[in-house]
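**Q** Here you go, sequence then predicted model.
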Amino acid sequence: MDIIDYTIQNPWWKGKEFITQDKHIREYLKKTYQWRSTILEKAELLPGNIFSIRGPRQVGKTTLVKLLIKSLIDKGINENSCFYASCDALIDHKELLSLIRSFQEFADFKNLYNRYIFLDEISGIENWQKSVKLLVDSGELANVCLVLTGSHTLDIKYGFERLPGRYGKHGKDYLLLPLTFNEFLFLVRPDITANFRYAESLSLSDINSAAYNIMPFEKDVKRLFHQYLCSGGFPLAINEFYSNTGIPDYIYELYTRWVIGDIVKWGKQEKILKQMLRTVIVKQSTPVSWDSFAKDAEIKSHKTVSSYAEDLENMFVLFVLYFIDLNKKVADYKKNKKLYFFDPFIYHMFNRLLFFKEAQITPQLIESVAVVHFARSAQKSYPYANANEVAFYWMGKKETDIVLKDGNKLLGVEVKYKNRISKQDFASLYHFKEGIIASRSTFNPGDTYSIIPVHILLGII
């Protein structure tokens with residue numbers, strides 16, 4: 001494909017005011033709830049650097065890229081310097097190489113020095129990193145800021161890592177994920193979140209302080225938490241949820257096709273995928289071995305189960321929580337693990353598809369949401385670690401739902417979504433110097449162990 005085939009994807013080349021005619025910008029501006037990722041403020045898109053943006057499909061990566069382009073143009077960057085290309089139609093890395101060089105010739109003709117190239121869904125091109133490596137080594141990207149996006153997160157992550165020393169002094173790998181509950185609150189009720197103070201760390205004192213601050217808004221937060229449990233954190237699903245007082249069928253079908261399509265594309269079988277997800281719904285929050293899971297799912301090999309789980313985790317469909325060795329403070333991968341859905345909307349999507357059940361709010365779903373939220377919060381202190389390398393579960397005589405690394409300390413969290421909390425509910429926390437019970441409604445902060453409603457907790461971390 002030649003550069004002329006991409007003029008329709010770059011309407012701003014006709015003039016900077018035409019950026020609003022771009023399909024994704026136009027759709028974004030129509031939305032009631034317009035999510036602006038912090039990546040928009042964090043990313044310093046400097047020429048001579050390579051950036052990657054990873055995340056599941058339909059989470060808003062393309063819209064984010066278009067907003068980044070709009071931001072550059074609004075700052076005075078020449079609109080012809082910004083080139084966007086969806087890679088879906090490219091056959092191989094040789095076509096990719098030809099396309100980039102074609103744009104470079106266009107920019108040379110326009111006498112443009114600094115250039116900004118955005119390659120969307122590059123993970124669909126096998127060996128894409130070969131072309132990027134060649135261009136960097138030849139010096140052809142010296143005055144180019146290259147931004148790559150991909151939905152197969154393992155492919156683009158490893159591809160980025162295969163460019164050691166080539167992504168520049170300021171190049172970075174960003175994750176764009178479904179909204180957490182506090183991001184959801186910020187999106188749909190900025191009027192109340194303006195008064196919030198979030199926990200600065202996972203220390204109990206910080207969490208208690210932030211929880212006291214948010215308590216005057218407890219009823220609003222609780223109501224919004226139940227809405228979040230139905231809509232999840234995908235911006236499209238959130239907007240549809242509020243526009244239609246529920247999520248229409250086509251949204252579920254869109255996301256279902258994403259998961260099944262990507263799994264099949266990467267050499268897996270739809271039938272085994274459904275066996276996996278059906279069993280995850282039943283076993284969610286229960287410790288399992290790959291062997292026992294394979295038997296329950298009627299899948300022949302535990303290696304097959306492990307392989308599918310890894311792919312689904314890399315797609316941010318599932319989250320795998322490992323057992324922690326309390327002495328070493330690291331995961332013990334030989335022990336049983338727990339599987340959760342990464343986002344409540346994904347849970348509802350497959351519960352609907354496989355069990356014909358509409359959105360159900362269960363204790364297992366609430367535990368799942370709490371696990372993923374605390375893991376993502378803990379990861380902020382370890383940006384180069386996976387979330388399940390800083391969040392775990394533990395089991396002695398009693399099971400602790402969540403164990404979090406906070407420096408050299410461990411924080412225990414137990415999810416007890418019930419009206420009354422008893423002394424026995426604290427038993428699993430006594431192995432930790434600090435602990436929290438995530439309750440349904442009880443609020444009783446303490447110096448060592450606290451009881452805080454789960455909706456308050458997830459609203460402040």
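**A** Right, received. Where do you want to start?
**Q** Any idea how many residues pack against Gly139?
**A** 8 (other CB atoms under 10 Å). For every residue, glycine as well, the C-beta is placed using N, CA and C.
**Q** Show me what the one helix or strand Ile272 maps to is in contact with.
**A** If you go by DSSP states H and E, Ile272 is part of helix 270-283. With contacts defined as CB atoms under 8 Å, 6 or more residues apart in numbering, helix 270-283 is touched by 259-260, 263-264, 293, 296-299, 304-305, 308-309, 312, 318, 339, 341, 347, 350-351, 353-355.
**Q** Can you check what angle separates the helix or strand following it from helix 270-283?
**A** As assigned by DSSP H and E, the chain's next helix or strand after helix 270-283 is helix 290-297. Put simply, helix 290-297 runs at 100 degrees to helix 270-283, going by axes from the mean of the first three to the mean of the last three CA atoms, to 10 degrees.
**Q** List the buried residues for the very next helix or strand once past helix 290-297?
**A** Downstream of helix 290-297, the next assigned helix or strand under DSSP H and E is helix 302-314. The neighbour-count check on helix 302-314 (16 or more other CB atoms under 10 Å) flags 304-305, 308-309, 311-314 as buried.
**Q** Could you dump those residues into a markdown table and include pLDDT?
**A** Below are the buried residues of helix 302-314 laid out as a markdown table (pLDDT from 0 to 100):
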| residue | pLDDT |
| --- | --- |
| Thr304 | 97 |
| Val305 | 97 |
| Tyr308 | 96 |
| Ala309 | 96 |
| Asp311 | 90 |
| Leu312 | 94 |
| Glu313 | 92 |
| Asn314 | 87 |
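**Q** Quick test: name the residue nearest the centre of the protein.
**A** For the chain, the residue whose C-alpha lies nearest the mean C-alpha position (CA atoms, centre = their mean) is Leu177; its distance is 2.2 Å.
**Q** Model confidence score at that one, please.
**A** Note for Leu177: predicted pLDDT of 95.
**Q** cool, Ser86 as well?
**A** You'll see Ser86 listed with a pLDDT of 91.
**Q** That one contacts Gln9, correct?
**A** Yes: if you go by CB atoms under 8 Å, Ser86 and Gln9 touch, sitting 6.4 Å apart.
**Q** tell me the domain boundaries of this protein?
**A** 3-175, 181-460 (automatic domain parsing).
**Q** quick one: the helices in the stretch 101-250 of the chain?
**A** Along the stretch 101-250 of the chain, the stretches classed as helices by DSSP state H, counting those that start in this stretch are 128-137, 153-161, 181-188, 190-193, 204-214, 218-231, 235-244, 249-265.
**Q** if we can go back for a sec, narrow the contacts of helix 270-283 to just the buried residues.
**A** The buried subset of the contacts of helix 270-283 (16+ other CB under 10 Å) comprises 259, 263, 293, 296-297, 299, 304-305, 308-309, 312, 318, 339, 341, 347, 350-351, 353-354.
**Q** May I ask which helix or strand of this protein has the lowest mean pLDDT?
**A** Sorting the helices and strands of the chain by mean pLDDT, DSSP states H and E puts helix 153-161 at the bottom, at a mean of 62.
**Q** hmm, back to that, any idea which of the helices of the stretch 101-250 of the chain is most buried?
**A** Greatest average neighbour count among these goes to helix 181-188 (a mean of 22), per mean count of other CB atoms under 10 Å.
**Q** what about that helix, distance to the chain center?
**A** 15 Å (CA atoms, centre = their mean, to the nearest Å).
**Q** what mean pLDDT would you report for it?
**A** 97.
**Q** cool, stretch 366-379 as well?
**A** Averaging pLDDT along stretch 366-379 yields 97.
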